[in-house]
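Novice: sequence and computational prediction follow.
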Amino acid sequence: MENFVMYNPVKLHFGESVTDTIGKSTAKYGKNVLLITGKGSAKSSGAYDQVMARLQGAGLKVFEFSGIKPNPIIEDVDKAIALGREKDADVIVALGGGSVIDSAKAISVGMKYDGPAWDIVTGKHKPKDAVPLIAVLTLAATGTEMNPVAVVQSTCKQQKIGFGHPLMYPKESFLDPSFTISVPRNYTAYGIVDLIAHSLEAWFGEGDTSLSDRFIVAIIKEAMKYGPELLNNPEDYDLRARIMYAATCALNGMTSYGKKSGDWGVHVVGHCLSVVYDVPHGASLSIVYPAWLKLQKDRIPERIKELGAAVFETSTVKDTIYKMEYLFKLLESPVTLKEIDIHINEGNTRERLKKAMITNKVTGQVHKLDEKDYDTLLDLMA
């Protein structure tokens, strides 16, 4: 078991009507609010009106940047930074799912840097300060509400990159499960897949820590039990709450303590699908993970069998992979590229995806991938 430091400074507010206090909480950090939102789902759900009323009721000035897309782009980050500087924003409120909050994290550190935000994403510049960030989550998926990591992409560079810094932790996060009730069925499913994938990345990381592994198994089992139920009962508050809590725990650090790292190779492959074909993040993961497990079946058979025994009560690698693929199907998320109308051997599809994998330097932190593996994975995903 590795040495570790347990640190998570996010004050998390969880439950119905928790945003009633968001005005008071936000006022502790500033008076001029840059509100970051997506493409309209927060307004249709009623979350926008509730949050705006509380912010304005606390006497705060609110300036809005809207339109963040599901696979967030660096151009929007730079535009929001410019607006924040113009309005002298001293606190940021991110109202949305992972893409909105991830963008807001980049904006928070980017506002304290004179150069382009992409410098921070690529590690060219290390943040030294940040505008305080308040997160209001409307989609259970990424866990970004309680970690210091973000993912954004540059479409022109064909790169989608995850990056992080302690300054990017939200100061406070508000999670009202009722805000997720209006999330469409497919994105609800993609969010459940995402939390499972985060747990798997930790499982296949490096290090032997039995308690963290038990946390991983518990989170996956929570998703297995309540995910399908939620898809059949999308307006059930209790089911929304259970999935929301599981998604937060899947990436707030608790699954990784005592390990050197997670693997994250599957996520990087998934990023390539998103940056080339704008595939929803969760859908990319349900496609890549079964293929990755098939690639690794003779390389790490014992670790795959341990996963199957703990989660599915299986005893073989083959059965474990079958059960994982079946779980994603049960969650109505695609497990092949052809299901989303991407045909690997038609046109220049293979070349485009392989080029993106090379550009994004696809590998795993633990289970390394090379260019030969790229072709194998593409065939297994087809």
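Specialist: Nice, thanks for sending it over. Because the structure is predicted, anything quoted here is derived from the model rather than measured.
Novice: so the protein: which segments form each domain?
Specialist: According to automatic domain parsing, the chain comprises the domains 11-180, 185-381.
Novice: mean pLDDT and mean neighbour count added to those domains, as a markdown table?
Specialist: Yep, even glycine has a C-beta here, placed from its N, CA and C like the rest. Converted to a markdown table, those look like this (pLDDT from 0 to 100; neighbours: other CB atoms under 10 Å):
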| stretch | mean pLDDT | mean neighbour count |
| --- | --- | --- |
| domain 11-180 | 96 | 20 |
| domain 185-381 | 97 | 20 |
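Novice: which one, of those domains, ends up nearest to residue 2?
Specialist: domain 185-381 (5.0 Å; CB to CB).
Novice: mind checking the end-to-end distance for the closest one?
Specialist: Start and end residues of domain 185-381 are separated by 23 Å (CA to CA, to the nearest Å).
Novice: check stretch 247-265 too.
Specialist: Here the two ends of stretch 247-265 are set 20 Å apart, with distance taken as CA to CA.
Novice: centre of the chain to that stretch, how far?
Specialist: Counting by CA atoms, centre = their mean, to the nearest Å, stretch 247-265 is centred 12 Å from the centre of its parent chain.
Novice: in the chain, which residue is closest to the centre?
Specialist: Centre of the chain computed as the mean C-alpha position; nearest residue by CA atoms, centre = their mean is residue 142, 2.8 Å away.
Novice: not counting its neighbours along the chain, what's nearest that residue?
Specialist: Setting aside the residues directly before and after it, residue 142 is nearest to residue 98 in space (CB to CB, 6 or more residues apart in numbering), at 3.2 Å.
Novice: ok, now residue 325?
Specialist: Nearest non-adjacent residue to residue 325, counting by CB to CB, 6+ apart: residue 290, 4.3 Å away.
Novice: that neighbour contacts residue 329, doesn't it?
Specialist: No: if you go by CB atoms under 8 Å, residue 290 and residue 329 don't touch, sitting 9.7 Å apart.
Novice: can you list residues touching both of these two?
Specialist: Both residue 290 and residue 329 are contacted by residue 335, under the criterion CB atoms under 8 Å, 6 or more residues apart in numbering.
Novice: show me the strands in the stretch 51-200 of the chain, by range?
Specialist: Here the stretch 51-200 of the chain has its strands, by DSSP state E, counting those that start in this stretch, at 61-65, 91-96, 133-137, 149-154, 159-164, 172-175.
Novice: want to throw those into CSV with distance to residue 278?
Specialist: Conversion of the strands of the stretch 51-200 of the chain to CSV gives the following (distance: least, CB to CB, whole Å):
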stretch, distance to residue 278
strand 61-65, 21
strand 91-96, 18
strand 133-137, 23
strand 149-154, 10
strand 159-164, 11
strand 172-175, 27
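Novice: who wins for proximity to residue 240 among those strands?
Specialist: Per CB to CB, nearest to residue 240 of those: strand 172-175, 10.2 Å.
Novice: quick one: residues in contact with that closest one.
Specialist: With CB under 8 Å, 6+ apart as the test, strand 172-175 has contacts from 10-15, 18-19, 22, 25, 134-137, 145-146, 244, 248.
Novice: and the helices in the stretch 151-300 of the chain?
Specialist: For the stretch 151-300 of the chain, the helices defined by DSSP state H, counting those that start in this stretch occupy 185-203, 210-232, 237-250, 265-277, 281-296.
Novice: circling back to that earlier point, quick one: the residue nearest to residue 325 from residue 330, how far?
Specialist: 13 Å (CB to CB, to the nearest Å).
Novice: count the residues that sit near residue 9.
Specialist: 11 (other CB atoms under 10 Å).
Novice: so the residue lying closest to residue 66 once chain neighbours are set aside bridges to which residues?
Specialist: The shortest distance from residue 66 to any non-neighbouring residue, by CB to CB, 6+ apart, is to residue 37 (4.5 Å). Beta-bridge partners recorded for residue 37 (DSSP bridges): residue 95.
Novice: show me the contacts for residue 346.
Specialist: The contact partners of residue 346, by CB under 8 Å, 6+ apart, come to none.
Novice: ditto for the one 3 residues further on
Specialist: With contacts taken as CB under 8 Å, 6+ apart, residue 349 has the following neighbours: 342, 343.
Novice: and if you look at the one 3 residues further on?
Specialist: With contact set as CB under 8 Å, 6+ apart, residue 352 has these partners: residue 276.
Novice: element containing it?
Specialist: helix 349-359 (DSSP states H and E).
Novice: coming back round to it: how near is the residue nearest to residue 66 to residue 48?
Specialist: Using CB to CB, residue 37 is found at 7 Å from residue 48.
Novice: shared neighbours of those two, which are they?
Specialist: Here residue 37 and residue 48 have residue 95 as joint contacts, going by CB under 8 Å, 6+ apart.
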